[in-house]
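Q: I'll drop the sequence and a predicted model, then ask my questions.
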Amino acid sequence: MDEGRQTTEPSTGLQPGSTSQAAASILRPSSPVRIVSLLTDFGQADAYVGIMKAVILARAPRARLVDLTHEVPPHDIARAAFLLYTAAPYFPPGSVHLAVVDPGVGSRRRPIAIATERAFYVGPDNGLFTYVLARDPLRAAVELREPRFRLTPVSDTFHGRDIFAPAAAHLASGGELGDLGPPVSDLVRLPPLRLEVSGAAIQGAVLHADRFGNAITSIGPLAWEGEHLVLAAPGGPLRFSAASAVVEVGGERLRGIQHTYANAAPGALIALVGSHAHLEIALREGSAARYLNLGPGDPITIVYAP
Amino acid sequence: MDEGRQTTEPSTGLQPGSTSQAAASILRPSSPVRIVSLLTDFGQADAYVGIMKAVILARAPRARLVDLTHEVPPHDIARAAFLLYTAAPYFPPGSVHLAVVDPGVGSRRRPIAIATERAFYVGPDNGLFTYVLARDPLRAAVELREPRFRLTPVSDTFHGRDIFAPAAAHLASGGELGDLGPPVSDLVRLPPLRLEVSGAAIQGAVLHADRFGNAITSIGPLAWEGEHLVLAAPGGPLRFSAASAVVEVGGERLRGIQHTYANAAPGALIALVGSHAHLEIALREGSAARYLNLGPGDPITIVYAP
Amino acid sequence: MDEGRQTTEPSTGLQPGSTSQAAASILRPSSPVRIVSLLTDFGQADAYVGIMKAVILARAPRARLVDLTHEVPPHDIARAAFLLYTAAPYFPPGSVHLAVVDPGVGSRRRPIAIATERAFYVGPDNGLFTYVLARDPLRAAVELREPRFRLTPVSDTFHGRDIFAPAAAHLASGGELGDLGPPVSDLVRLPPLRLEVSGAAIQGAVLHADRFGNAITSIGPLAWEGEHLVLAAPGGPLRFSAASAVVEVGGERLRGIQHTYANAAPGALIALVGSHAHLEIALREGSAARYLNLGPGDPITIVYAP
């Protein structure tokens, strides 16, 4: 693996390493073919996603399209923001992330495009990019006003097709961010993921359940150092013993934080570090979220010893 | 945006503008890589769609594949035909649309491929292409009989794989329509979408609900002209005031046709022009189709004043 | 269709013809762009599949990605193995099949890559490749240990991203199997599909139901010879009359094995040869699996006359 490739992957948890090469790549005039990722709440029963792809390929015929998911629960901006945060670091530098969870379509919320050190983001200004921007610093943001990069006429109900897809296509074919419209600031941000450290307790919240019924939480990123865990907490790294930590969630107390699902017996609850480097609660061969009746916002605590 | 690109997009609602450039592009000898869109009722739990893609890429390695949807309710030809109608105009000229909703597979229904001014269509001759052909005139149609463009042996249960995918691959790699088989006429057509204008009323029907519970209707295409709407009715354009129109559906009377979802209060019903330029009934942050118990064929009326 | 293309398709049922050209293609130094198929139980509501694709494209930017399905029921290795078996023959030689149904992730089960005459397979060593290997002989298998072809750090919960995707990318960009790690033998195998011939009866089992409610069975591959069927049975080909065969399943006796769904009246049960060349039970315009209450492992018998 050469140096250039290393910059495409996070070195620890989800935190990218040096981004200087990534930025250089973005600015390179004859950039390679770019990826456009797509993340929506459109579902897959209608043709909405296919239509967006048609618009992108009509304007950027060589773009590579990758679906993140289209099954975000309708209008669940926070979930989309978290999924984008877990996925973006694995894309090559210069990728374009098109995210459309847009309950305010047709209202006064702004359509925007953002450049960071590593990537471009296109979508409504409603907080979708909050978590990626917490990790990957903003370089520039514009409002998507330029008629050349919109379909005609622009509908009031499907900006994914009429505004966001053409903007993503422009960026994917190497166009300048500044072509798309005037600079904007004061982007809308979601509240940060809940993460509080007090005394010997780390407090967070359940975010959502994944397909396997694993409850993903706001506590992270967590990295292994031997048998200790290091939490990238707001006040600085927090190091504690995984085996002696106690996780309190849904009325249960789980002793120890494990490496993987296979560390639990079938039918047993387990706390572990999930693939997104956040604390996760699983039930081996079952659904932890259903078993503990966990939903978004439910509290979770790690009581730890250094 | 240059002239060539403009032809890839509808100028008003779903009606394409000049198609002469599109036709020229189709006939151009060294055409760029072509898109194959896929629309089926195969679902995504089996490998059927992936198998069709394998067959296409084995024969047309540079084709770009775009899923429209595979979640058409089993055997629902009318719904597939409408989805194709809403999506096709956004694809670049020369795209190949492969549609397989095929309850008659293995019977005497004909497998066909069609060329229009803008695109190619491949699938069973059961009405799937009715609505696209109403907008994009037929140039030629053939029955897929040529053994070179079929797998061997042809199964009786999966023509998507054995007949339609190889035909789509042939067209996507720039092959001639006429290579695929002899000309056919008298294509099977569905009844037209219900759209009747009488006195001061426009009558139509609910088609289906989309993922958000929005009820899509047969009344369209509708285009905005300031605060008036123009319906492309069979007898000629019909212009009326959006604000003073009254929509009757599911026992409710909704005053005014709105621009977008955000014009309604949360929990309120709203009539609006959807992204496919058809009248749509929505419930802000809820499912209009469920709330009004609307299903395919249910009547809807606009009472309008010029 | 030229000779080279014929090798990309099965000549009878699912059995590939001559594979010598396929093998030559795999070994060709400047191979064309390769396809990576993806088969998982990750579902589509999370970003897991998109993340794997990002990792592949970051390392093999020209790879073509084809989803087989991601809706395998969680941890259902046998179903994934059968779907892969039905799909693999339709991919061009040299394709890379990435299959991740991995209940043992993070345990001692080995991550492997396999080369056969026709293709590459990448995934956990838990039996996923049992059925493809029964048809397409193993040439070499390695354990995925080489750090250059893993992300850093490797998580304990998502080897699809950290180990399997980078390995697939290496193979898709023309890399050598041997680069990925040391040779392994004694691959884990599932029990063979149930298929017993005794007297005038062929006995098998229901495997699963597809989206249409068709019950797919272990009895196959079956090929038509006029109005006779030829079963590729372990003891040699078995030829019998389709019309006089009697199929016993779920307490019903069905007379004759048909060519296609359209041979049954609406609402009638039918036994036919499905698109994967296995015996299948269908209910015209309904779900045979639900009607007969059929589940995996339920017995099915063909009583035949030569």
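A: It's in.
Q: does A:Phe158 really touch B:Val273, like I thought?
A: No: in this structure A:Phe158 lies outside contact range of B:Val273 using C-beta atoms under 8 Å: 10.7 Å. In short, each C-beta sits where N, CA and C put it, glycine included.
Q: ok, the residue of chain A found nearest chain C to A:Val273 distance?
A: Closest to chain C within chain A is A:Thr260: 2.7 Å, counting by C-beta to the nearest C-beta. Taking C-beta to C-beta, to the nearest Å as the measure, A:Thr260 falls 9 Å from A:Val273.
Q: need the contact list for the spatially closest residue to A:Gly274 that is not a sequence neighbour.
A: Nearest non-adjacent residue to A:Gly274, counting by C-beta to C-beta, 6 or more residues apart in numbering or on different chains: A:Glu280, 3.4 Å away. A:Glu280 is in contact with A:Asn214, A:Ala215, A:Ile216, A:Thr217, A:Ala271, A:Leu272, A:Val273, A:Gly274, C:Thr157, counting by C-beta atoms under 8 Å, 6 or more residues apart in numbering or on different chains.
Q: thinking again about what came up before, can you report how many residues lie near the residue of chain A closest to chain C?
A: Neighbour count for A:Thr260, taken as other C-beta atoms under 10 Å in any protein chain shown: 21.
Q: does it really touch C:Phe158, like I thought?
A: No: if you go by C-beta under 8 Å, A:Thr260 and C:Phe158 don't touch, sitting 9.5 Å apart.
Q: Please enumerate the shared neighbours of those two.
A: Common neighbours of A:Thr260 and C:Phe158 (C-beta under 8 Å, 6+ apart) are C:Val105.
Q: Looks to me like the residue nearest to A:Gly274 is in a strand.
A: Yes: judged by DSSP: H, G, I helix; E, B strand; the rest coil, A:Glu280 forms part of a strand.
Q: Please enumerate the helices of the stretch 51-200 of chain A.
A: Remark: helices assigned in the stretch 51-200 of chain A by DSSP state H, counting those that start in this stretch are A:77-87, A:130-135, A:159, A:165-172.
Q: hmm, back to that, need the pLDDT of the residue of chain A closest to chain C.
A: If you check A:Thr260, the pLDDT there is 88.
Q: With A:His170 instead?
A: Confidence at A:His170, expressed as pLDDT, is 97.
Q: How about A:Arg28?
A: 41.
Q: Model confidence score at A:Leu98, please.
A: pLDDT recorded at A:Leu98 is 98.
Q: ok, and the closest non-adjacent residue to it?
A: Spatially, and ignoring its direct neighbours in sequence, A:Leu98 is nearest to A:Ala168 (4.4 Å; C-beta to C-beta, 6+ apart).
Q: these two touch, right, the one you found and A:Lys53?
A: No: using C-beta under 8 Å, A:Ala168 makes no contact with A:Lys53, being 10.2 Å away.
Q: More neighbours: the two, which one.
A: A:Ala168 (33 against 29).
Q: Surely A:Ala134 is in contact with A:Leu190?
A: No: with contact defined as C-beta under 8 Å, A:Ala134 does not reach A:Leu190; the gap is 10.0 Å.
Q: Can you find which strand in chain A contains the most residues?
A: Taking DSSP state E as the criterion, chain A has its longest strand at strand A:201-209.
Q: Report the next helix or strand after that one in sequence order.
A: For strand A:201-209, the succeeding helix or strand toward the C-terminus, using DSSP states H and E, is strand A:215-217.
Q: where does the stretch 51-200 of chain A dip in pLDDT?
A: Along the stretch 51-200 of chain A, no part satisfies pLDDT under 70.
Q: which parts of it sit against chain B?
A: Listed as neighbours of chain B in the stretch 51-200 of chain A under the rule C-beta under 8 Å from any C-beta of the partner chain: A:51, A:53-55, A:57-59, A:61, A:65, A:74-75, A:103-107, A:148-149, A:151-153, A:155-158, A:161.
Q: Perfect, I'm done here.
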